[in-house]
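In: With the sequence up front, the predicted model follows.
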Amino acid sequence: MTDGTRTGLGRVGIWTFAFEGQSAGRVRESAAEIEELGYGAIWYGEAFGRDTVGQAWLLLSATRRIAVASGIANIAFRNPIATATAARTLGEAFPGRYVLGLGGHRIDDTVHEVDGYPVPARGRAVTTLRTYLEAMDAVPSHGPVPDPAPRRVLAALGPKMLELAARRTWGAHPYFVPVEHTERARRIMGADAFLGVEQAVVLDTDLGRAREVATAHVAGYVSMAAHQEANMRRLGFGDQDIVGGPSRRLVDAIVAYGDADAIRRRVQQHFDAGADHVCVQVLTADPAALPEREWRELAPALASPGDFGGWLPK
């Protein structure tokens with residue numbers, strides 16, 4: 001675990017899907033405020049809203065220092081040539097500030113109809129992503145070469161993907177994981193690989209209400225994402241935790257809820273387990289809304305003024 005200066009992403013960042021549903025102007029305003037609050041990085045998801053490259057450009061152009069990371073850019077949505085050349089362009093325009101998070105999994109069977117690159121089949125995701133990385137590396141460059149080159153991380157959960165992340169990229173960006181996974185990931189990847197962990201949180205002192213929001217979040221993933229369910233089972237959760245809805249034990253392992261101190265304690269547990277960086281995903285009753293009030297209230301407990309992103313060497 002580092003103090004945030006080695007990575008250039010700071011210790012704590014923000015993770016959100018909510019930018020996808022906002023206008024470009026709102027995204028710019030919100031990103032600028034996140035930077036001023038002292039968070040070290042902005043991580044954003046990609047589904048079927050704004051393209052990951054366009055989203056990165058919006059966020060980077062609206063800020064001056066903070067790191068921006070895709071969490072993740074889905075390899076099912078673009079071929080390796082498009083990804084490699086886009087990353088180079090972002091790296092050239094915003095030196096040291098862009099991190100390319102890569103991953104891909106079967107969303108549904110229609111995904112094969114909307115892109116030209118195969119979604120990793122179950123049991124073959126590691127091979128597919130390794131091949132994708134090799135294809136990216138083989139793309140020739142006929143223009144300016146960014147210095148430093150944009151760093152890559154993988155959406156890694158299982159042991160083989162974590163090993164690939166440590167060997168072939170800067171490191172891993174595990175999503176929807178408890179602290180126990182962070183400890184395992186660090187052990188598998190070794191001391192030098194970057195480990196940036198997503199942590200879902202609900203900032204609400206009404207614990208019953210907070211638990212409802214947390215339960216809805218967990219239920220959505222274990223019911224629709226086979227790779228997430230498989231990861232939970234690897235970590236010792238069984239049918240009693242998954243079938244028919246998530247158990248209290250599973251919800252509490254995945255989501256931290258309560259006041260800012262409770263959330264800070266969970267973030268610290270990830271650091272103690274070996275994380276270099278923790279990106280906090282604030283959950284609310286309205287997933288489409290920007291949780292700006294919560295980001296502001298959490299900043300004194302989590303963010304470090306002046307601890308912005310940008311390139312800093314190991």
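Out: Nice, thanks for sending it over.

In: In the stretch 1-150 of the chain, where is pLDDT below threshold?
Out: Within the stretch 1-150 of the chain, the ranges that satisfy pLDDT under 70 run 1-6, 105-123.

In: er, the stretch 201-314 of the chain actually
Out: 304-314.

In: where do the helices sit along it?
Out: Here the stretch 201-314 of the chain has its helices, by DSSP state H, counting those that start in this stretch, at 207-224, 226-234, 239-242, 248-254, 260-273, 292-302.

In: what packs against the longest one?
Out: Meaning helix 207-224. Counting contacts by 3 or more CB pairs under 8 Å, 6 or more residues apart in numbering; DSSP states H and E, helix 207-224 packs against strand 194-203, helix 226-234, helix 248-254, strand 255-258. In this view, the C-beta of every residue, glycine as well, is placed from N, C-alpha and C.

In: now what about the last one, what contacts it?
Out: Counting by CB atoms under 8 Å, 6 or more residues apart in numbering, the neighbours of strand 255-258 from elsewhere in the structure are 199-205, 207, 210-211, 213-214, 217-218, 262-263, 265-267, 283.

In: sorry, back to before: mind checking which of the helices of the stretch 201-314 of the chain is nearest F194?
Out: Minimum separation from F194 across the helices of the stretch 201-314 of the chain (CB to CB) falls at helix 260-273, 13.5 Å.

In: quick one on the thing from earlier: now the helices and strands packed on helix 207-224 as TSV including distance to A41 and mean neighbour count?
Out: TSV is the format used below for the helices and strands packed on helix 207-224 (distance: least, CB to CB, whole Å; neighbours: other CB atoms under 10 Å):
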stretch	distance to A41	mean neighbour count
strand 194-203	8	25
helix 226-234	23	17
helix 248-254	21	18
strand 255-258	19	22
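
In: Export these to a markdown table and append columns for distance to V139.
Out: A markdown table is the format used below for the helices and strands packed on helix 207-224 (distance: least, CB to CB, whole Å):
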| stretch | distance to V139 |
| --- | --- |
| strand 194-203 | 23 |
| helix 226-234 | 27 |
| helix 248-254 | 37 |
| strand 255-258 | 39 |
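
In: Nearest to I242, out of these?
Out: The closest approach between I242 and any of those, judged by CB to CB, belongs to helix 226-234 at 6.1 Å.

In: how about that closest one as PDB, C-alpha atoms only?
Out: Backbone C-alpha positions of helix 226-234 (Å, rounded to 0.1, in the frame of the first residue of the first chain) are rendered in PDB as follows:
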ATOM      1  CA  ALA A 226     -22.500 -14.300 -13.500                       C
ATOM      2  CA  HIS A 227     -18.800 -13.200 -13.000                       C
ATOM      3  CA  GLN A 228     -19.700 -11.300  -9.900                       C
ATOM      4  CA  GLU A 229     -21.600 -14.300  -8.400                       C
ATOM      5  CA  ALA A 230     -18.700 -16.600  -9.200                       C
ATOM      6  CA  ASN A 231     -16.400 -14.200  -7.400                       C
ATOM      7  CA  MET A 232     -18.600 -14.200  -4.300                       C
ATOM      8  CA  ARG A 233     -18.600 -17.900  -4.300                       C
ATOM      9  CA  ARG A 234     -14.800 -18.000  -4.500                       C
END
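
In: Mind giving me the packing neighbours of it?
Out: In terms of contacts (3+ CB pairs under 8 Å, 6+ apart), helix 226-234 is packed against helix 207-224, helix 239-242.

In: Most tightly packed of the ones you listed?
Out: Highest mean neighbour count among the helices and strands packed on helix 226-234 (mean count of other CB atoms under 10 Å): helix 207-224, with a mean of 17.
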